[in-house]
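Peer 1: Below: sequence and its predicted model.
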Amino acid sequence: MLHIWGSTCYAHVPKTKRPNPKFSNRAIECKLLGLSASYKGYRLLAVKRNQYLTARDVKFGVTTTASLITKSFPPEVLNLSEEDLNEVYVLGKRVRESVAHSDTTIIRPHTNSPIPTSSAAVGGEAPRMSVAPIPRPRRKRTPNSRLRDYVVAINVATIKTKAIPIPQSLKEARHGPYAKQWEAALQASGVSG
């Protein structure tokens, strides 16, 4: 759902915060100001009280949002060619393709018929640079503090380990196949040689 700055929304008021839990308003009419930087929720402006709020439980007026979009972008203003519509369609789906050769096939979204294109068919136009879409951020997973010491046995069984032979002397460690690893281990332990 697209939430537009300034659109009407309704912030839920918990029962504990209402003056009269039975007859008080359950929601406050607000205008959306954006996302809060310090709290998980939306920054809102209460219209009747003229004060700022930060709330998570917010319902958005679907009809007002749709009308704002149609008022902002009337259909006759957007005169896009079929190529531009296809480009918007491809960018909207965030399709990641690795182009192996210069000939590609574009599929129209409404007809599903492939159109072969090549650099010769385009003519004198400059080739368009394809920009890779920005990857979505990944959530940082934090393990539960109660399960810190918990070890999963399947992980131990499936991990392939390669035994590094322990050298007999420092000279053997520095000249062996794992010299870099042993040097890093010696540096970390504080032993110099």
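Peer 2: Perfect, thanks for sending it.

Peer 1: which ones are touching residue 43?
Peer 2: 32-36, 52-54 (C-beta atoms under 8 Å, 6 or more residues apart in numbering). The way it works is simple: take the backbone N, C-alpha and C, and place the C-beta from them, glycine included.

Peer 1: Which of the helices or strands spans it?
Peer 2: strand 42-46 (DSSP states H and E).

Peer 1: average pLDDT for that strand?
Peer 2: Mean pLDDT, strand 42-46: 87.

Peer 1: I'd like the next helix or strand past it.
Peer 2: Next element after strand 42-46 (DSSP H and E): strand 51-55.

Peer 1: Are any of the contacts of residue 43 buried, and if so which?
Peer 2: Buried members of the contacts of residue 43, scored by 16 or more other C-beta atoms under 10 Å, are 32, 36, 53-54.

Peer 1: Residue 182: which of those residues is nearest?
Peer 2: The closest of the buried ones among the contacts of residue 43 to residue 182 turns out to be residue 36 (C-beta to C-beta; 50.3 Å).

Peer 1: my read: that closest one touches residue 52, true?
Peer 2: No: using C-beta atoms under 8 Å, residue 36 is not in contact with residue 52; the gap is 9.9 Å.

Peer 1: circling back to that earlier point, of the buried ones among the contacts of residue 43, just say which sits nearest to residue 174.
Peer 2: residue 36 (55.4 Å).

Peer 1: show me what contacts the closest one?
Peer 2: 42-43, 54.

Peer 1: Just the closest of those to residue 139, please.
Peer 2: Nearest member of the contacts of residue 36 to residue 139, counting by C-beta to C-beta, is residue 42, at 19.4 Å.
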